[in-house]
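# Predicted model and sequence below, questions to follow.
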Amino acid sequence: MISDFDKIKTVFESCKNYQQFEVAKKMLACYFDKYRDEFDSISKHRTMLQIQKIMDDCVARIKL
């Protein structure tokens with residue numbers, strides 16, 4: 001689970017355009033679907049807080 005999350009973070013950090021960003025978002029959705037039974041609402045929220053900063057940085061980088 002942690003390894004998959006690290007891979008998703010790496011993908012977001014490497015995005016160079018919106019198409020890649022959209023693919024990364026789909027990967028994140030698949031991640032949450034894959035580990036759906038292992039998340040409760042609190043752990044899912046904490047995970048989203050961790051990835052949100054990376055996603056925000058990605059969007060800011062692409063806009064430049």
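Good, I have the coordinates. Numbers count the residues shown, from 1 in each chain.

# helix or strand for the spatially most central residue of the chain, which one?
When C-alpha atoms, centre = their mean is applied to the chain, the residue found nearest the centroid is Leu28 (4.6 Å). According to DSSP states H and E, Leu28 maps onto helix 18-34.

# What is the end-to-end distance of stretch 29-38?
Stretch 29-38 has an end-to-end distance of 14 Å (C-alpha to C-alpha, to the nearest Å).

# can you list contacts of that stretch?
With C-beta atoms under 8 Å, 6 or more residues apart in numbering as the test, stretch 29-38 has contacts from 1, 4-5, 8, 39, 44, 47. Placement of C-beta: from N, CA and C, glycine included.

# So in the protein, which helix runs the longest?
The helix that spans the most residues within the chain, counting by DSSP state H, is helix 41-63.

# ok so, going back, contacting residues for the residue nearest to the centre of the chain?
With C-beta under 8 Å, 6+ apart, Leu28 has these contacts: 8, 12, 51.

# swap the cut-off to 10 Å and go again
By C-beta atoms under 10 Å, 6 or more residues apart in numbering, Leu28 lies in contact with 5, 8-9, 11-12, 47-48, 51, 55.

# mind checking how far Ile54 is from Phe21?
11 Å (C-beta to C-beta, to the nearest Å).

# what's the overlap in contacts for these two?
Shared contacts of Ile54 and Phe21, defined by C-beta under 10 Å, 6+ apart, are found at 11-12, 15.

# Give me the subset of these lying in helices.
Counting by DSSP H, these place 11-12 in helices.

# would TSV of the shared contacts of Ile54 and Phe21 with pLDDT, distance to Asp33 and neighbour count be doable?
Compiled in TSV, the shared contacts of Ile54 and Phe21 are given as follows (pLDDT from 0 to 100; distance: C-beta to C-beta, whole Å; neighbours: other C-beta atoms under 10 Å):
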residue	pLDDT	distance to Asp33	neighbour count
Val11	96	16	18
Phe12	95	17	22
Cys15	95	21	21
